[in-house]
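Novice: here is my input, please return the structure:
(chains A and B)
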Amino acid sequence: MAALDELDAAFRDAIGDPTFTATLSDLERDYTGRPSPLTRARRFEVECGGARVYLKREDLNHTGSHKINNVLGQALLTTRMGKRRVIAETGAGQHGVATATAAALLGLECTVYMGEEDTRRQALNVARMRLLGAEVVPVLNGSRTLKDAINEAMRDWVTHVADTHYLLGTVTGPAPFPEMVRHFHSVIGRETREQILAIEGRLPDAVVACVGGGSNAMGIFSAFLDDPSVRLVGYEAGGEGVETGRHAARFVAGTPGVLHGARTYVMQDAWGQTVPSHSISAGLDYPGVGPEHAWLHDSGRATYEPVTDAEAMEAFELVSRTEGILPAIETAHALAGACRLGRELGRDAVIVVNLSGRGDKDVVTAARWFGLGVDPTE
Amino acid sequence: MNGRQQAVFARAAQERRAALIGYFPAGFPSAADSVRVMAAMVRGGVDLLEVGLPYSDPLMDGPVIQAAVESALRVGATTDDVLVVVDRVSELGAVPLVMSYWNPIERYGLERFATRLGEAGGVGVITPDLTPEEAGEWIAVTDECGIGRTFLVAPSSTDVRIERVSRATTGFLYAASTMGVTGVRDQVSDAAPALVERVRTVTDLPVGVGLGVSTEQQAASVAAYADGVIVGSAFVRAVQEASDIAAAEYAVEALSAELARGVRT
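Specialist: The predicted structure is shown next:
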């Protein structure tokens, strides 16, 4: 609690300090490369019912995903608190890479916890983190995925709290993390709103994103919460199909519970034990979800739907071939959802998809899925 | 407040010693064998038995206890099984508490859990991941059922926090000796005496100190300033290293007797 109180105070103090916000926005412009473009997906949208589809290009950020937005904010906060070390959990590796990057930039020590299962399916990102000077610790307990990496990071944090900041990568965990991570990603929503108004002269009919913990979705949703005409849709991992039990569809099969210090929807059994989730994408493979998403779900402001591995991979292929963009498999869930929604809304609709990350890390998984006969690891 | 729990500390105080509080996870290596181990702990001299409720995400536990609870869950330990274990050890003369992360209790139902625990002879519950701010309903339910509540403080806790935690606690206050997770350590942190001293300025509750205690000498040094000495991983490790359950019972009883000597010196 003391560490959370300290963090909360430091966060509130920082965002009220013009020097801090100026330093952060300079880094966003000069290091991350913001603002990220909003790209019309002209050939993709033809295949999706003809609605006008725009892609918010977080994949073009330095390190290849939206994760860097939150990481730079929290890394600056770390130095402001006088701590010299950051730790992080990572699923797909994008948050770990972003954290290792910011640590290198600011001269911080960095340890990243990653489920052993994930270190195998995202081997490229493990190598990237190590090249950036971070220590990557494979986590061998539990289901060996993101939730277990979070457990291990929290254990490290309580042990080294005096000099270490836990740079949590998504909008879950105890307060102030959900609010703080949303704050640092809200730049996605602010830019999108300005860009779509400039291009279309009106608000979009829908804003959609994939939801693991839910940070990219919360970032882009945050600018449209007060616009009732804008539908907000999050797509979670339907895995092999919700009926198979091998999925991460918390809003379909989860129930209210407490996980990692947050009260939210959790995949759990009758005894309150966390049930392992499953997804082809490591980044969506989490049995809980950000508590603010649970609130948006319960209030009806946002809706959440599952997208299966197969649907996501179909969209992965479609957007690769129609737009020349290899998306992260996490992001492919949002693209599949956008396509579904485009067919429902028809030609006059405007849909914005948060293209949260690029797919280089997923090339091996995709090559296997499509049976391309090229496995770069062999 | 629970009378039987109070009596344990009162008797220890009368004997001018600390109480020995021993943790062991229910269902490890099986439900029946965990009862045998706990009975051996009590025979050796454990005053207050902390029955662990296995949970899939034990954030406060180190590798030794993690491995044991994972194994208990693999063989299918449930909350009902834990309550049966409490009932059995209570019949054997132990004074049992449950140590549980919050989600399994919430899922079971607060009132149902507290009621059944009371019926099984349980005297209290330690909730390491529940903060007093979030405990309103739990406080009401445990008061109703006469079940003791134990919350935790750590060396990083501010005085304001210690006071808030003390007000919510009935039974004993759990002071984590160090910033970290459960596990056997060569040395008990020197942060613990200072923490207990700060606790004493705000409350008369008995204070148990845990994290890192595994030997007679460590128990003796903690007993010099605390009302309870909490030992967990050392018991679990003794069972993990034993060749069979009989050997485990023997080793655990011997360890318990050694620690019981420690809290009396």
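
Novice: surely residue A:98 is in contact with residue A:75?
Specialist: No - the criterion here is Cβ atoms under 8 Å, and residue A:98 misses it with residue A:75 at 9.2 Å. (Each C-beta comes from the backbone N, C-alpha and C, glycine too.)

Novice: so these two - more neighbours on which side?
Specialist: A direct count of neighbours by other Cβ atoms under 10 Å in any protein chain shown for residue A:98 and residue A:75 places residue A:98 higher, at 30 against 25.

Novice: packing partners for the helix or strand where that one lies?
Specialist: Residue A:98 belongs to helix A:94-106 when assigned by DSSP states H and E. Helices and strands touching helix A:94-106, as assessed by 3 or more Cβ pairs under 8 Å, 6 or more residues apart in numbering or on different chains; DSSP states H and E, comprise helix A:67-80, strand A:85-90, strand A:109-115, helix A:123-131.

Novice: which one of the ones you listed is the most hemmed in?
Specialist: Ranked by mean neighbour count under mean count of other Cβ atoms under 10 Å in any protein chain shown, these are led by strand A:85-90, which reaches a mean of 27.

Novice: ok, it: who's next to it in the sheet?
Specialist: Next to strand A:85-90 in the sheet, as set by DSSP bridges, lie strand A:109-115 (parallel), strand A:164-166 (parallel).

Novice: now the angle from it to helix A:94-106?
Specialist: 160 degrees (axes from the mean of the first three to the mean of the last three Cα atoms, to 10 degrees).

Novice: what lies in contact with strand A:85-90?
Specialist: A:74-75, A:78, A:95-97, A:99, A:102-103, A:108-114, A:118, A:125, A:129, A:146, A:149-150, A:152-153, A:156-157, A:160, A:163-169 (Cβ atoms under 8 Å, 6 or more residues apart in numbering or on different chains).

Novice: mind running it again at 6 Å?
Specialist: A:78, A:96, A:99, A:103, A:108-114, A:149-150, A:153, A:156, A:163-167, A:169 (Cβ atoms under 6 Å, 6 or more residues apart in numbering or on different chains).

Novice: residue in the stretch 101-250 of chain B with the shortest distance to chain A?
Specialist: residue B:107 (3.0 Å; Cβ to the nearest Cβ).

Novice: for that residue, which non-adjacent residue is spatially closest?
Specialist: residue A:272 (3.0 Å; Cβ to Cβ, 6 or more residues apart in numbering or on different chains).

Novice: swap in residue B:201?
Specialist: Per Cβ to Cβ, 6+ apart, closest to residue B:201 is residue B:159, 7.8 Å.

Novice: can you count the residues close to the residue nearest to residue B:107?
Specialist: Residue A:272: 25 neighbours (other Cβ under 10 Å).

Novice: please save the CA atoms from the longest helix along chain B in CSV.
Specialist: Determined from DSSP state H, the single longest helix within chain B is helix B:245-263. Extracted C-alpha coordinates of helix B:245-263, given in CSV (Å, rounded to 0.1, in the frame of the first residue of the first chain):
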residue,chain,number,x,y,z
ILE,B,245,4.3,-39.3,4.9
ALA,B,246,5.6,-41.1,8.1
ALA,B,247,9.0,-39.4,7.6
ALA,B,248,7.3,-36.1,7.0
GLU,B,249,5.3,-36.4,10.2
TYR,B,250,8.5,-37.2,12.1
ALA,B,251,10.5,-34.3,10.6
VAL,B,252,7.6,-31.8,11.1
GLU,B,253,7.1,-32.8,14.7
ALA,B,254,10.8,-32.4,15.4
LEU,B,255,11.0,-29.0,13.7
SER,B,256,7.9,-27.9,15.6
ALA,B,257,9.4,-29.0,18.9
GLU,B,258,12.6,-27.1,18.1
LEU,B,259,10.7,-23.9,17.3
ALA,B,260,8.6,-24.4,20.4
ARG,B,261,11.9,-24.4,22.4
GLY,B,262,12.9,-21.3,20.5
VAL,B,263,9.8,-19.3,21.5
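
Novice: pLDDT on it, on average?
Specialist: For helix B:245-263, mean pLDDT rounds to 98.

Novice: can you check stretch A:330-339 too?
Specialist: On average, stretch A:330-339 scores 98.

Novice: can you pull out the residues in contact with that stretch?
Specialist: Contacts for stretch A:330-339 (Cβ under 6 Å, 6+ apart): A:48, A:53, A:208-210, A:235, A:281, A:283-284, A:307, A:311-312, A:315-316, A:319, A:351, A:353, A:355-357.

Novice: who touches the spatially closest residue to residue B:206 that is not a sequence neighbour in this structure?
Specialist: Once flanking residues are discounted, residue B:206 sits nearest to residue B:227: 3.8 Å by Cβ to Cβ, 6+ apart. Contacts here follow Cβ under 6 Å, 6+ apart; on that basis residue B:227 touches B:9, B:18, B:206-207.

Novice: so what's residue B:227 scoring on pLDDT?
Specialist: pLDDT, residue B:227: 98.

Novice: also residue A:209?
Specialist: 98.

Novice: and it, that one's in a strand?
Specialist: Yes - checked against DSSP: H, G, I helix; E, B strand; the rest coil, residue A:209 lies within a strand.

Novice: pretty sure it contacts residue A:217?
Specialist: Yes - here residue A:209 lies in contact with residue A:217, judged by Cβ atoms under 6 Å, at a distance of 3.6 Å.

Novice: kindly report the residues of the stretch 151-265 of chain B close to chain A.
Specialist: Within the stretch 151-265 of chain B, the positions adjacent to chain A are B:156, B:161, B:179-181 by Cβ under 6 Å from any Cβ of the partner chain.

Novice: nearest to residue B:252 among these?
Specialist: Residue B:252 lies nearest to residue B:181 out of these, by Cβ to Cβ, at 21.8 Å.

Novice: please enumerate the helices of the stretch 51-200 of chain B.
Specialist: Shown for the stretch 51-200 of chain B, the helices assigned by DSSP state H, counting those that start in this stretch span residues B:63-74, B:79-91, B:102-108, B:110-119, B:136-145, B:159-168, B:191-200.

Novice: can you list the low-confidence ranges for the chain?
Specialist: You didn't pick a chain, so chain A it is. Filtered on pLDDT under 70, chain A yields the residue ranges A:374-378.

Novice: nope, chain B please
Specialist: B:1.

Novice: nearest the geometric middle of it, what residue?
Specialist: With distances taken as Cα atoms, centre = their mean, residue B:50 lies nearest the centre of chain B, 3.7 Å away.

Novice: which neighbouring elements make contact with whichever helix or strand that residue is part of?
Specialist: Assigned by DSSP H and E, residue B:50 falls within strand B:48-52. Strand B:48-52 sits against strand B:19-25, helix B:79-91, strand B:96-99, with contacts defined as 3 or more Cβ pairs under 6 Å, 6 or more residues apart in numbering or on different chains; DSSP states H and E.

Novice: centre of the chain to the first one, how far?
Specialist: The gap between the average C-alpha position of strand B:19-25 and the chain average comes to 5 Å, counting by Cα atoms, centre = their mean, to the nearest Å.
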